[in-house]
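Asks: Provided below for reference: sequence and predicted model.
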Amino acid sequence: MQQRTFGTGAPISTTSVNIRYTRGLVMALQMLGYPVPGVMVEIEATAGESGRGSVELQNQFWAETIATCDDPLLGLRMGALMEFGHLDVIGYLLLSCDSLEQGLELLESYFPIIGGGGRIELQLPDNLCRIVYKHSFVLGGEQRTGVVMALMAKFGRQLQGAEFGITEVTLVQPGDTTLTAKASELLGCPVRMGQKENSFCFSAELLKRPVCQSHPLVKQQVRTVADQALKQLGTVGLQGQVQKLLADHLHWGREQVADALHLSPRHLSRRLSAEGCSFKQLQEQSRCQVAMEKLCNSSLTSKQLAELLGFNDESAFARAFRRWTGHSPREYRCVRCDNA
């Protein structure tokens, strides 16, 4: 089976989110009759000229949303209401691309413009295309994933027209027969819940078919704007360097990372603060992502994971993992990973 991964090429910033994407979430909430989270005032006020809000505020946005909206399929409903423009320049770039395959390739380069926290894997088993979405969200993962899955399904249909037939969608989120039927109705295709991965499948032939709105001249103009946005974002800045080092050396602390970058620990902290993040934040994001993947895709015990991630003992890792995800490592493995 062929496999290609998108969204993980260059080090990307996971500390900010495009304000247009957040506004799209707000629009969807309002259309569904739910209140706008109070933190949105602060998100708008702090976005400034960069047009980006911090991940901390985005997490608070989702915490408030989940607290006031008792709907397990809220993410799917929200994603179905959002539009291309809510993906900023990437939305217009996708509309003008030559094919769905090219659109996925463009996501690899420009994914950071939307915001970090996830990646897309393209698998090609037996003449099928299977797009797998994996995330490192520490809060509201099910709902935030629901938004992404509904967006991808909707945009696929808009790019390919009526010919874009989704064979199946799988969701990690658990659900009984009634909830699964509602999810299928929302997405307009068969859905299986409580699976190991979030994915949707369609015929691989659709990858090469022309996009309905394809326009080479518009694509080139929009790509120029996207290049400028990516440059301004500075995806290979200090944050990116720190993230790469932490990914390669899971047990490293601030002193070791600072030494590798030829900086003092204090100078490293100051520079990260100037970029709107902290070493602890980047370290926890890295550890959380690795922990979730290892729990689902390996037989490592909690004790072995604690050692791998640089924790002093198993209990310290368990406390941190519960803070990140709301589950103990054992609960996460049982609920999220073993429901094939």
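Replies: Looks like it arrived, so ask away.
Asks: residues in contact with A316?
Replies: For A316, the contact set (C-beta atoms under 8 Å, 6 or more residues apart in numbering) comprises A306. Just so you know, the C-beta spots here come from the backbone N, C-alpha and C atoms, and that holds for glycine as well.
Asks: That one and A306: what is the separation?
Replies: 7 Å (C-beta to C-beta, to the nearest Å).
Asks: Give me the secondary structure label for L295.
Replies: helix (DSSP: H, G, I helix; E, B strand; the rest coil).
Asks: if I pick the residue in the chain sticking out farthest from the centre, what's in contact with it?
Replies: For the chain, the residue at maximal distance from the C-alpha centroid (C-alpha atoms, centre = their mean) is S264, at 32.0 Å. By C-beta under 8 Å, 6+ apart, S264 lies in contact with A258.
Asks: what sits against the residue nearest to C97 when sequence neighbours are not counted?
Replies: Using C-beta to C-beta, 6 or more residues apart in numbering and skipping the chain neighbours, the partner closest in space to C97 is G103 (4.5 Å). Neighbour list for G103: 94, 97, 159, 211 [criterion: C-beta under 8 Å, 6+ apart].
Asks: Can you report how many residues lie near the last one?
Replies: Meaning V211. 20 (other C-beta atoms under 10 Å).
Asks: ok, back up a step: narrow the contacts of G103 to those in helices?
Replies: Among those, the members found in helices (DSSP state H) are 94, 159.
Asks: In the contacts of G103, which residue is surrounded by the most others?
Replies: Result: C97 is most packed of the contacts of G103 (other C-beta under 10 Å), 26 neighbours.
Asks: That one reaches L107, doesn't it?
Replies: No - assessed by C-beta atoms under 8 Å, C97 is found out of contact with L107, at 9.9 Å.
Asks: ok, the closest residue to G253 other than its chain neighbours - contacts?
Replies: Nearest residue to G253 in three dimensions, chain neighbours excluded: G310, at 7.1 Å (C-beta to C-beta, 6+ apart). Neighbouring residues of G310 by C-beta under 8 Å, 6+ apart: 250-253, 287.
Asks: which one of the residues you listed is nearest R330?
Replies: Using C-beta to C-beta, R287 comes nearest to R330 of the contacts of G310, at 17.4 Å.
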